[in-house]
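**Student:** I would like the atomic coordinates for the input below:
(chains A and B)
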Amino acid sequence: MTWRDVALRGLVAAGTLLVLSAVIFFSTDVLPGDAAGIIAGQDATERERAEIRERLGLDRPAVVRYLEWLGDAATGDLGRSAAAGRPVAEVLAERLGNSVLLVALAAAVVAVPALVLGLAAGLRAGRPLDRALSSLTVVLLALPEFLLATGLVVLLAQHWSLFPAVSMVPAGDAPWQHPDLLVLPVASLVLGGLGVATRLVRAAAASAAEHPAVEQARLDGESGARLAWSYVLPAAAGPALQGFTVMVAGLLGGSLVVETLFAYPGIGHEVAQAVTYRDTAMVQGLGLALAGAVLLVLLAGDVLARALDPRSRPARRGGGAA
Amino acid sequence: MRSPDRRAFLGLGALTAAGIAGFLTGCSSSSSSSSQDGEGGEGGDGGTLRAAFAGGGSSETLNYLLGPTALDFVRARLVHGALGAIDAGQPDGVRYGVLESIEISDDLATYTLRLRDAVAFTDGSPVTAADLLYSLRAPDELGGLPFTRLAGRNFDLAAARVVDDRTLDLPTLTPIADGRLLLCQSMLVVKEGVTEFTPQTPSCGPFVIEAFEPGRQTVLRRNPDWFGPAIGEEVSLSEIHLLSIGDPEARVNALRGGQAEFVSGVSPATARTLADAEGVAVTAGEPPYVSNLRFVMNLAHPPFQDERVRRAFRLAIDRQAIVDTVYFGRAHLGNDVPALGFPGYHAELEQRAHDPEAAEALLREAGHAGMAIELTAGPELTGMVETATLMVEHLRAIGVDATLNELPAGQLFADYEAYQRLPFAAGYNPPAPFEPNHTPGNFPDIDELVVTARSATAEADRTAASREAQRLLWERGNEIIPVFVPTVDAHADGVGGVRHLQFPDLSLATLDPA
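**Tutor:** Have a look, this model is predicted:
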């Protein structure tokens, strides 16, 4: 993996983001109706409706508005909320950190059990432990986030009153100052991501276990944790890490549901609210940011996985051409 | 966050009785002036009420002229002084706030608004007639949303005249008798020249803004200089925290988990569960503070041009079944005319019966037996989709090939032109009197009656015209209004004094520490 590779992948990601920006803009734009209809209410006159539409700039062609939006976005200006006129970038700056905190905590918590369980299952592929873990992860995968979150609320918040059911962060405070408010949203994301992460690590470990070097170590008498740590993990690290970043990207999506259910002040909650109020500029701006974040995570995973993958190292001799 | 609350609660022992008194009288128009004794004249040490509303994410704004959500208006109503409120129990049909009186000239062409003495903004300056006039013009001049522009649609604001510091003469565009209702429905007072709304903007309501984070919460502190005591309204709470919780389940979870004492907008099913829960009480708005759920039969759709078809559709609907199964009893029977509970509501009209046989016969007679119709509805009002579902079943029972087109949240009114072209569509109106909100165009004779009902100089003529207009709407109108729907709220035991206006009014709420 050379700097050229990294640059190339960055370009591909940027291109993907460009395509996504068009998808986000036009898919939200062609939906029937617009913020003018919602804001105006039922008793508005035609003239009042037209006025609101004009004020929001909704009376100009979509392509022109897209190009303007894209140009502005490139300079960090994501437009303004339709209703209150707040800059989208300001909302993004305020909320993105909260969402990143949530996802980062969840990812960190997922990492250890996913690694241990995934390695354990991968090394015993097909045996009872593997089959039991597979069933468990399938169950976790099959359960939608809102069900997991609701289950956690019913048990941990309502039944045992251990944690607050809603993550209302007091005015002026940041979420990290209130760890108790983070527990349930993070736990919901962890349960949502654990299944995927464990399966991806297991797959990487199972395939690494068949590697000649691991086979050799096994014949040399290595086993258990030592075998896993010294031989399987290095071989599996690349693909496992890549899988892990896919899981993190998934968590960013899952945070949309989890944040809404816990009223957590993150970007996902904001997107959900903006959709309800048909605040197109907000949906587009935050959607673009989320897409960008997901691409960035995937890119980072890709680059790191390549760097870690022992098989990619000899390729360096060839000058890095992909 | 929690410990200051506890402390505030602990200091409340003496207030218990006053709190309960406040709760008992809270539903009527007068309120607990007796709570003064318990507070040692200080007032406002009655704790912190945390109230959760759906909110609107970052669209929330302190500029109530632009805020599209109920929370924006609830907040504004706590911060800014209101001209008054609709109150059918008062002689004028309104309870005055910042205003002391509204006199109407005999020809119904000039309204004289008189301000209460010694009402001041938080910056110490008195509220003057110039501020009042500015406030009435602000919705038009600051690009307010249509629902805020009531005054400008009915009064000639350009020709208004400041008579003295406390008196404003307001000519009407055409003579109207119902201007008091319009002026007191939702108009708030701001200081002349205010164009930006920030926590520092001078205001004259019961609370001031301490902190505002759109989409999260607003911290409001009692305004010690509020004019309320002059009209017998005493604030008990020291703080109100308005929380934005978009998800209805999360709102109820916040109540159950003790993170909020009051939540607005509870679904009928949840209300039924909560009503049995310990430590929680469910309340619902009473007429006139109920929204009318209406189903419009578009007169451009040929079958609906036949009066018999419209009557058949109305007779086909089992309204009681809707009240029972959709709202679990928390709704009021509709009779196809709007504004239940307002003084002008024609309560003597015979309640429309559920008569599927007659409905089927009427359809056959009109030659539309087995007609096909699509009903469009969306979750814009509690129970709208469920009611539409039942109505489709009821229509099928009389042989109509009815289908339901269910739209996702936020889409029903999004394209208003398309909405108006739908042959059969659900909609709703928030609580508002009938005459000034009547949309003309469908029935010229009814439109004319409504004009008379608003402008005849003799009250008897107005009443007669209004009743006749409602009777005609009942007989051959194109709306089915099967139910009136209240906002259902839930609160922890010990919360009292919440008034149901168009939206919950928390200004006189009380907290009982028990």
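
**Student:** neighbours of residue 303, just the number please.
**Tutor:** Because you didn't say which chain, this covers chain A. With neighbours defined by other Cβ atoms under 10 Å in any protein chain shown, the count for A:V303 comes to 17. From N, CA and C alone the C-beta is placed, and that goes for glycine too.

**Student:** meant chain B actually
**Tutor:** Using other Cβ under 10 Å, B:P303 is surrounded by 22 other residues.

**Student:** wait, doesn't it sit right on B:G370?
**Tutor:** No: with contact defined as Cβ atoms under 8 Å, B:P303 does not reach B:G370; the gap is 11.1 Å.

**Student:** Counting neighbours, which bits of stretch A:215-224 end up buried?
**Tutor:** Of the residues in stretch A:215-224, A:217, A:222 count as buried by neighbour count, 16 or more other Cβ atoms under 10 Å in any protein chain shown.

**Student:** make that stretch A:296-303, sorry
**Tutor:** Buried, per 16+ other Cβ under 10 Å, within stretch A:296-303: A:297-299, A:301-303.

**Student:** residues in contact with the nearest residue to B:T198 once chain neighbours are set aside?
**Tutor:** Spatial nearest neighbour of B:T198, excluding adjacent residues (Cβ to Cβ, 6 or more residues apart in numbering or on different chains): B:L62 at 6.5 Å. B:L62 is in contact with B:72, B:75-76, B:79, B:197-199, B:201, B:209, B:212, counting by Cβ atoms under 8 Å, 6 or more residues apart in numbering or on different chains.

**Student:** buried subset of these?
**Tutor:** Among the contacts of B:L62, those classed as buried by 16+ other Cβ under 10 Å are B:72, B:75-76, B:79, B:197, B:201, B:209, B:212.

**Student:** Next, give me the two most distant ones among these.
**Tutor:** Pairwise distances across the buried ones among the contacts of B:L62 peak at 14.4 Å for B:D72 and B:T201 (criterion: Cβ to Cβ).

**Student:** re earlier: would you turn the buried ones among the contacts of B:L62 into TSV with pLDDT?
**Tutor:** Below are the buried ones among the contacts of B:L62 laid out as TSV (pLDDT from 0 to 100):
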residue	pLDDT
B:D72	90
B:R75	95
B:A76	94
B:V79	96
B:F197	93
B:T201	95
B:I209	96
B:F212	93
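
**Student:** Mark which of those residues are part of strands, please.
**Tutor:** B:209, B:212 (DSSP state E).

**Student:** Buried residues of the helix or strand where A:D72 lies, list them for me.
**Tutor:** Using DSSP states H and E, A:D72 maps to helix A:62-74. Going by neighbour count (16+ other Cβ under 10 Å), the buried part of helix A:62-74 is A:65-66, A:69, A:73.

**Student:** picking that back up, farthest pair within the buried residues of stretch A:296-303?
**Tutor:** Comparing every pair within the buried residues of stretch A:296-303 by Cβ to Cβ identifies A:V297 and A:V303 as the most remote, at 11.0 Å.

**Student:** so where do the strands sit in the stretch 301-450 of chain B?
**Tutor:** In the stretch 301-450 of chain B, the segments counted as strands under DSSP state E, counting those that start in this stretch are B:332-333, B:372-377, B:401-406, B:424-429.

**Student:** Could you count how many residues lie near A:R124?
**Tutor:** By other Cβ under 10 Å, 17 other residues sit near A:R124.

**Student:** For it, give me its contacts.
**Tutor:** Shown in contact with A:R124 (Cβ under 8 Å, 6+ apart): A:D130.

**Student:** same deal with B:S59?
**Tutor:** For B:S59, the contacting residues are A:81-84, A:86, A:273-274, A:277, A:279, A:282, B:67-69, B:214-215, by Cβ under 8 Å, 6+ apart.

**Student:** nearest to B:P504, of those?
**Tutor:** Nearest to B:P504 among the contacts of B:S59, counting by Cβ to Cβ, is B:T69 at 13.3 Å.

**Student:** Neighbours of the closest one, how many?
**Tutor:** Residues contacting B:T69 under the criterion other Cβ under 10 Å number 22.

**Student:** B:P171: neighbouring residues, count only.
**Tutor:** For B:P171, the tally of surrounding residues (other Cβ under 10 Å) stands at 16.
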